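> just coords:
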């Protein structure tokens, strides 16, 4: 079991007077940053805010700190450091990626997207239809919001080049069987691009075990700086068309990040690995310290604790017949991102919950196609309550009590 006191001591937000008593349930929109990331960012701006990789000491140290982020996060994802790319956001990274893939395709080639995804891993691929690419949509079950494997097999043909889907929806929260989907795609010769944004905050994935070719997520949702991280594995990585300056064609880190990296934020990203190391060493003092063991142990630690918190929350919502929980009712099958259909007054719920010091949000969360497929109005969307492993049992109870009070109040005016 997680030592909640130790975990929360790693996040300055929990000791800030302005946030005292507030329960943060909008982690799917961005997590608090751990102190290790904040310290690395501060140090970089204080000591090494220069162009990196030159011979003078400050520049050399700047480059070394950036290199550390590539290698240490690669270890936690079980990939080679050459596979890691840092860019300004997942939306930007996926856009550049789509342009790189398109240069190797012919008119009439096919790609498959879903209506379950955040628009970042949907819209960029759909736009390729303007260039002669055939775009097919793998649609969710309108009742459950889940993707069905039988539907996918019917969409793939000999001209299918790529499948883009999400590890975990930021609304439905069902954890897709990524390894099974990627195995099906690989057997058909189809490249897979998996959006891990809504999953990675709950534990970094072992990317080779998933079997995908590309895995993307946002570091600001995994306790880090506002950067996107993109894993692009060989042989796909070396086959993609260069999107950077022509003279950087042989530079793995620069071919898919045309704007160049944010040096300070890349350097600070290693703080996420520092934090995961601290979690491992505190909770598993007698375990082997190999990087992969750490990845698996930390991932299991986070997921198991989150499921412990999620179970009573789902049980509570199941007692409310006028509140619909989007996605699975089983905590093991979903992430702790709980989207609720509370009617067209979802924004009013946000305001009322804030009166009880509960921070959350409402809307379609850039998954407008999904919200509409579920039969919900995109304007009001869903009320979303999302948490991670630093959330406490007390905060779960605070949320339930606040929700119960607001629910009774809303019933009076319905």
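Perfect, I can see it now. Because the structure is a prediction, the values reported are computed rather than measured. Numbering: from 1, shown residues only.

> quick one, phi psi at the residue nearest to residue 267 when sequence neighbours are not counted?
Counting by CB to CB, 6 or more residues apart in numbering, residue 65 is the residue found nearest to residue 267 once chain neighbours are left out, at 3.9 Å. C-beta here means a position set from N, CA and C on the backbone, and glycine is covered the same way. Main-chain dihedrals, residue 65, degrees, to the nearest 10: phi -70, psi -40.

> isn't residue 65 right next to residue 50, touching?
No: between residue 65 and residue 50 there is no contact under CB atoms under 8 Å: 11.6 Å.

> Can you give me the pLDDT of residue 169?
Predicted confidence (pLDDT) at residue 169: the value is 98.

> before we move on, what about the one 4 residues further on?
The pLDDT attached to residue 173 in the predicted structure is 98.

> what sits against it?
Counting by CB atoms under 8 Å, 6 or more residues apart in numbering, residue 173 touches 198, 326, 327, 328, 334, 335, 336, 337, 338, 339.

> Of residue 65 and residue 50, which one has the most company?
residue 65 (22 against 16; other CB atoms under 10 Å).

> end to end, how far does stretch 331-344 reach?
26 Å (CA to CA, to the nearest Å).

> Could you give the average pLDDT over it?
The model assigns stretch 331-344 a mean pLDDT of 96.

> And stretch 97-107, by the same measure?
97.

> next one: stretch 199-218
Per-residue scores along stretch 199-218 average to 98.

> In it, which residues are buried?
199-207, 210-218 (16 or more other CB atoms under 10 Å).

> Ends of it, what's the gap?
10 Å.

> what helices or strands is the helix or strand harbouring residue 137 leaning on?
For residue 137, the host element (DSSP states H and E) is strand 134-138. If contacts are counted by 3 or more CB pairs under 8 Å, 6 or more residues apart in numbering; DSSP states H and E, strand 134-138 sits against strand 110-114, helix 149-155, strand 160-166.

> So which of the contacts of residue 173 are in helices?
Among those, the ones falling in helices (DSSP state H) are residue 198.

> what would the contacts of residue 173 look like in CSV with distance to residue 276 and neighbour count?
Converted to CSV, the contacts of residue 173 look like this (distance: CB to CB, whole Å; neighbours: other CB atoms under 10 Å):
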residue, distance to residue 276, neighbour count
198, 19, 27
326, 30, 24
327, 27, 23
328, 27, 18
334, 23, 23
335, 18, 29
336, 18, 27
337, 21, 29
338, 25, 25
339, 28, 31
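
> Show me the contacts of residue 173 that map onto strands.
Per DSSP state E, strands hold the following members of the contacts of residue 173: 337, 338, 339.

> So what sits opposite the first one in the bridge?
Which is residue 337. Beta-bridge pairing for residue 337 (DSSP bridges): residue 386.

> Just to check, it is in contact with residue 170?
Yes: with contact defined as CB under 8 Å, residue 337 reaches residue 170; the gap is 6.2 Å.

> Now for the two: what residues contact both?
28, 198.

> Who are the packing partners of the helix or strand where residue 73 lies?
Using DSSP H and E, residue 73 maps to helix 57-77. With contacts taken as 3+ CB pairs under 8 Å, 6+ apart, helix 57-77 sits against helix 35-47, strand 84-87, helix 263-268, helix 270-283, helix 291-317.

> Recalculate using a threshold of 7 Å.
On a contact count with 3 or more CB pairs under 7 Å, 6 or more residues apart in numbering; DSSP states H and E, helix 57-77 meets strand 84-87, helix 263-268, helix 270-283, helix 291-317.

> Can you tell me what sits against that helix?
For helix 57-77, the surrounding residues in contact (CB atoms under 7 Å, 6 or more residues apart in numbering) are 44, 47-48, 50-54, 80-81, 83-84, 204-205, 207, 229, 231, 263, 266-267, 269-270, 272-273, 276, 291, 295.

> Residue 170: what's its closest spatial neighbour, skipping adjacent residues?
residue 198 (4.2 Å).

> so the closest residue to residue 120 other than its chain neighbours, which of the three states?
Spatially, and ignoring its direct neighbours in sequence, residue 120 is nearest to residue 91 (4.2 Å; CB to CB, 6+ apart). Put simply, residue 91 is helix when judged by DSSP: H, G, I helix; E, B strand; the rest coil.

> okay, now residue 91: neighbour count?
Using other CB under 10 Å: residue 91 sits among 19 other residues.

> just residue 56 next, same as before
Residue 56, neighbours per other CB under 10 Å, totals 9.

> okay, it: pLDDT?
At residue 56, pLDDT is 98.

> separation between it and residue 81?
24 Å (CB to CB, to the nearest Å).

> again, but for residue 376
Counting by CB to CB, the gap from residue 376 to residue 81 is 42 Å.

> Pick out whichever of the two has more residues nearby.
Higher neighbour count among residue 376 and residue 81: residue 376, with 21 against 16, using other CB under 10 Å.

> Nearest to residue 20, out of the helices and strands packed on helix 57-77?
Among those, helix 291-317 comes nearest to residue 20, with 20.7 Å by CB to CB.

> angle of the closest one against helix 57-77?
60 degrees (axes from the mean of the first three to the mean of the last three CA atoms, to 10 degrees).

> From the contact counts, what lies against helix 291-317?
So helix 291-317, by 3+ CB pairs under 7 Å, 6+ apart, packs with helix 57-77, helix 270-283, helix 393-412.

> at 6 Å instead, please
Secondary-structure packing of helix 291-317 (3 or more CB pairs under 6 Å, 6 or more residues apart in numbering; DSSP states H and E): helix 270-283, helix 393-412.

> Can you give me the end-to-end span of stretch 247-262?
20 Å.

> so what pLDDT did the residue nearest to residue 120 get?
Looking at residue 91, its pLDDT is 96.

> how close does it get to residue 234?
25 Å.

> Ok, residue 60 next?
Taking CB to CB, one finds residue 60 at 29 Å from residue 234.

> Residue 321 now?
52 Å.
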